[in-house]
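J.: my questions are about this predicted structure, shown below with the sequence.
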Amino acid sequence: MVKLQEVLQLAKQLSSVDKMRLIQQIAPDIEQELMVSNNKPRKSLWGLCADLGPAPSAEEIEEMRQEAWANFPREDI
């Protein structure tokens, strides 16, 4: 099997015109592969965090925020 480094080495030896032709010939293949991979159904993100339990309420968030900022700025630093 030909390795990527070998292909790159050969491609670098081509003239600018031949490099452009190579890109023109390979681009449709890449585009087709990308279109096929984009058509695969994706896993739904709904319920992704369902196993983490209920989200904290706004009151709980505010309480934690007040606790975190209670000693700010500290004078001993």
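T.: On my side now, so go ahead.
J.: mean confidence for whichever strand or helix holds Glu60?
T.: Using DSSP states H and E, Glu60 sits in helix 58-69. For helix 58-69, the mean per-residue pLDDT is 94.
J.: and what of stretch 40-51?
T.: 79.
J.: and that stretch, end to end?
T.: Stretch 40-51 stretches 26 Å from its first residue to its last (CA to CA, to the nearest Å).
J.: that stretch: how far from the chain's middle?
T.: Offset of stretch 40-51 from its chain centre (CA atoms, centre = their mean, to the nearest Å): 16 Å.
J.: then stretch 47-66?
T.: Taking CA atoms, centre = their mean, one finds the center of stretch 47-66 at 26 Å from the center of the full chain.
J.: pull out the buried positions in it.
T.: For stretch 47-66, a neighbour-count test (16 or more other CB atoms under 10 Å) marks nothing as buried. Backbone N, C-alpha and C define where each C-beta goes, glycine included.
J.: distance between the ends of that stretch?
T.: End-to-end distance for stretch 47-66: 30 Å, by CA to CA.
J.: contact partners of it?
T.: Taking CB atoms under 8 Å, 6 or more residues apart in numbering as the criterion, no residue outside stretch 47-66 touches it.
J.: same thing with stretch 12-30?
T.: Here stretch 12-30 has contacts from Ala11, using CB under 8 Å, 6+ apart.
J.: just the C-alphas of the helix ranked longest in the chain, formatted as PDB.
T.: Ordering each helix of the chain by length in residues (DSSP state H) puts helix 16-38 first. C-alpha atoms of helix 16-38 as PDB (Å, rounded to 0.1, in the frame of the first residue of the first chain):
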ATOM      1  CA  SER A  16       2.400  23.400 -11.200                       C
ATOM      2  CA  VAL A  17       0.100  22.600 -14.100                       C
ATOM      3  CA  ASP A  18       0.100  18.900 -13.300                       C
ATOM      4  CA  LYS A  19      -0.500  19.700  -9.600                       C
ATOM      5  CA  MET A  20      -3.600  21.700 -10.600                       C
ATOM      6  CA  ARG A  21      -4.700  18.800 -12.800                       C
ATOM      7  CA  LEU A  22      -4.300  16.400  -9.900                       C
ATOM      8  CA  ILE A  23      -6.400  18.600  -7.600                       C
ATOM      9  CA  GLN A  24      -9.100  18.900 -10.300                       C
ATOM     10  CA  GLN A  25      -9.200  15.100 -10.700                       C
ATOM     11  CA  ILE A  26      -9.200  14.200  -7.000                       C
ATOM     12  CA  ALA A  27     -11.600  17.000  -5.800                       C
ATOM     13  CA  PRO A  28     -14.800  15.400  -7.100                       C
ATOM     14  CA  ASP A  29     -13.900  12.100  -5.300                       C
ATOM     15  CA  ILE A  30     -13.400  14.000  -2.000                       C
ATOM     16  CA  GLU A  31     -16.600  15.900  -2.500                       C
ATOM     17  CA  GLN A  32     -18.500  12.700  -3.200                       C
ATOM     18  CA  GLU A  33     -17.000  11.100   0.000                       C
ATOM     19  CA  LEU A  34     -18.000  14.100   2.100                       C
ATOM     20  CA  MET A  35     -21.500  14.100   0.700                       C
ATOM     21  CA  VAL A  36     -21.900  10.400   1.600                       C
ATOM     22  CA  SER A  37     -20.600  10.900   5.100                       C
ATOM     23  CA  ASN A  38     -22.900  13.900   5.600                       C
END
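J.: that concludes my questions; thank you for your assistance.
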